[in-house]
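1. please find the sequence and the predicted model below.
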Amino acid sequence: MTSFFLFGAALLGGALNAVAGGGSFIGVPALLSAGIAPVAANATTTLAMWPGSLSSAVAYRREIVRARHWLVTLGAVSLIGGLVGGWLLIRTPDQRFLRLLPWLMLAASVTFTLGGRVADRLSKRRGAPGAPARSTRAPLWILLFQFVIAIYGGYFGGGMGIMMLAAFSIAGMADIHEMNGLKTLLAVAINGVALVEFIVSGAIAWAPGLIMVAGAIVGGYFGASLARKIEAGVVRAVVIVIAWTMTAYFFVR
């Protein structure tokens, strides 16, 4: 029964990661309920969700190609930040960081909800009546912000995808599917380097982790495929609902 429960949790978490991020909010509680210690649950969730994120990135390959002009610089800072975050998790109890999580989620939810309007106003000030102009270089501020997000992602990661979507929206990206593709590939990089550190340090609970890997792969691929077929406005609305739901849950919790 526990195996089916963990598989189902990873299936849902992988699909959620593909659409908006936040699969950790399902994976970590599921592992805690199965008796896994908090730090090990955190590290094992990274193991479980990483292959699912990779399969989502494959499904988003066309959108990722369109976002390649930002990929190199954002990818570099993501790798460095992920290493720092993984190092911190291994050496710091995660309960201290979890106390800040509701406030981080609140900031991300507000930013993504209002991000489209802010970006639209900025584009009008630049003289573009429609979608924001696309820059061939990522702004310096988003590189710094992505570095902070990557540290957070390597350490815990819950809501990391929503934070990235919020930053991309403010920076001028208008296509929610393109944003999702870039977000997914960066999450693969961040969690991948952190995962290497977790494996080397022996922080992974392998038996439940491998069960969740299978569920996350299935959920991640089909979640991304489904999201690409839905109208962009609907996907954005789903992201906002998920963001505020998770924020409310962690404040109440």
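-> Alright, I've got the coordinates. Residues are numbered from 1 along each chain as shown.
2. where do the helices sit along the stretch 51-200 of the chain?
-> 61-66, 68-91, 94-98, 101-125, 140-155, 160-171, 176-201 (DSSP state H, counting those that start in this stretch).
3. what's the first one packed up against?
-> In terms of contacts (3 or more Cβ pairs under 8 Å, 6 or more residues apart in numbering; DSSP states H and E), helix 61-66 is packed against helix 176-201. All C-beta spots, glycine's among them, are computed from the backbone N, C-alpha and C.
4. next structured bit after the helix it packs on?
-> Following helix 176-201 in sequence order, the next helix or strand is helix 206-229 (DSSP states H and E).
5. on contacts alone, who are the packing partners of that following helix?
-> Based on contacts counted as 3+ Cβ pairs under 8 Å, 6+ apart, the elements that helix 206-229 packs against are helix 2-19, helix 24-33, helix 38-59, helix 176-201.
6. buried deepest among these, which one?
-> helix 38-59 (a mean of 25; mean count of other Cβ atoms under 10 Å).
7. tell me the angle that one makes with helix 140-155.
-> Going by axes from the mean of the first three to the mean of the last three Cα atoms, to 10 degrees, helix 38-59 is angled at 130 degrees with respect to helix 140-155.
8. can you give me the pLDDT of the nearest residue to Phe168 once chain neighbours are set aside?
-> Leaving aside its sequence neighbours, Phe168 sits nearest to Met179 (Cβ to Cβ, 6 or more residues apart in numbering; 4.6 Å). In this model, Met179 is scored at 83, pLDDT.
9. which ones are touching Met179?
-> By Cβ atoms under 8 Å, 6 or more residues apart in numbering, the contact list for Met179 reads Ala67, Met164, Leu165, Phe168, Ser169, Met173.
10. any idea how far Arg236 is from it?
-> 9 Å (Cβ to Cβ, to the nearest Å).
11. could the helices of the stretch 51-200 of the chain go into JSON lines alongside distance to Leu6?
-> Below are the helices of the stretch 51-200 of the chain laid out as JSON lines (distance: least, Cβ to Cβ, whole Å):
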{"stretch": "helix 61-66", "distance to Leu6": "29"}
{"stretch": "helix 68-91", "distance to Leu6": "21"}
{"stretch": "helix 94-98", "distance to Leu6": "20"}
{"stretch": "helix 101-125", "distance to Leu6": "22"}
{"stretch": "helix 140-155", "distance to Leu6": "22"}
{"stretch": "helix 160-171", "distance to Leu6": "21"}
{"stretch": "helix 176-201", "distance to Leu6": "18"}
